[in-house]
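J.: missing the sequence, but the structure's below:
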Ligand code: SAH
Ligand code: MG
């Protein structure tokens, strides 16, 4: 389980990771990293670092690192006028959303600085430049058609055999939420025959690469 102090930091951090799904993410990441020692974890979609606390703690426990990727200017639904807009995350000078300062505060509070490597970049650029296998890949970035397609193409090939692909906001019924993570990441991964599902908690799905 996640350390009680880290749990308090995670729960106090703005974001979209429910506690039970964060706990499931931590368990799944620890088990992947135990099986694949020294391979890192990647997270796509850091926001203010809420899910990052669970994944960073898993990385620290397994003596590896978490690379967490975000351009920090927010997804479409985080912008002004949209459902998930948070005025307090707007930079006073640029008037644009900027979640990086909050992430840095979260990491400081969690004391996870040595285990978490923030990458401030467009997901597509980061995936093209980072050429290594990962034990655990968590995709929770842009939730539109194009970003999910690009994340699938860019990140899933990096999952080592035996490693895990975790996807957030997977809804098989459109009445529960947007369909892009389901249609463009979860389904293609299963349909490729390279992954099998090993757990499902809330909208979190964890798949294992079998070939
Ligand atoms: N995992 C977070 C929530 C992530 S919200 C939590 O637990 O709270 C989705 C994040 O993806 C946003 O911060 C947004 O800036 C980022 N994002 C969306 N599209 C992106 C892209 N193309 N490249 C990099 N980051 C992106
Ligand atoms: Mg999410």
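T.: Cool, got the structure. This one's a predicted model, so the numbers in the text were calculated from it and none came from an experiment. Ligands and ions are numbered 1, 2, ... in the order given.
J.: so how far is ligand 2 from residue 147?
T.: 12 Å (C-beta to the ion, to the nearest Å). C-beta here means a position set from N, CA and C on the backbone, and glycine is covered the same way.
J.: residues near that residue, how many?
T.: By the criterion of other C-beta atoms under 10 Å, residue 147 has 22 neighbours.
J.: is residue 23 within a helix or a strand, and which one?
T.: Using DSSP states H and E, residue 23 sits within helix 19-35.
J.: pLDDT of that helix, averaged?
T.: Helix 19-35 shows a mean pLDDT of 98.
J.: closest residue of this protein to ligand 1?
T.: Closest contact between the chain and ligand 1, by C-beta to the nearest ligand atom, is at residue 15 (2.4 Å).
J.: circling back to that earlier point, the helix holding residue 23 packs against which elements?
T.: Secondary-structure packing of helix 19-35 (3 or more C-beta pairs under 8 Å, 6 or more residues apart in numbering; DSSP states H and E): helix 4-12, strand 41-44, helix 50-61, strand 134-139, strand 159-167, strand 195-201, strand 204-209.
J.: list the contacts of that helix.
T.: 1-2, 7, 10-11, 17, 39, 41, 50-51, 53-55, 57-59, 61-62, 64, 135-136, 138, 162-164, 166, 168, 198-199, 201-204, 206 (C-beta atoms under 8 Å, 6 or more residues apart in numbering).
J.: go back to those and keep what's next to ligand 1.
T.: For ligand 1, the contacts drawn from the contacts of helix 19-35 by C-beta under 6 Å from any ligand atom are 17, 50, 51.
J.: how about this protein: which residue is closest to ligand 2?
T.: Using C-beta to the ion, the closest approach of the chain to ligand 2 is made by residue 168 at 3.8 Å.
J.: show me what from the protein comes close to ligand 2.
T.: 16, 140, 168, 169 (C-beta under 5 Å from the ion).
J.: filter those residues to the buried ones?
T.: Listed as buried from the residues of the chain next to ligand 2 are 16, 140, 168, 169; burial here means 16 or more other C-beta atoms under 10 Å.
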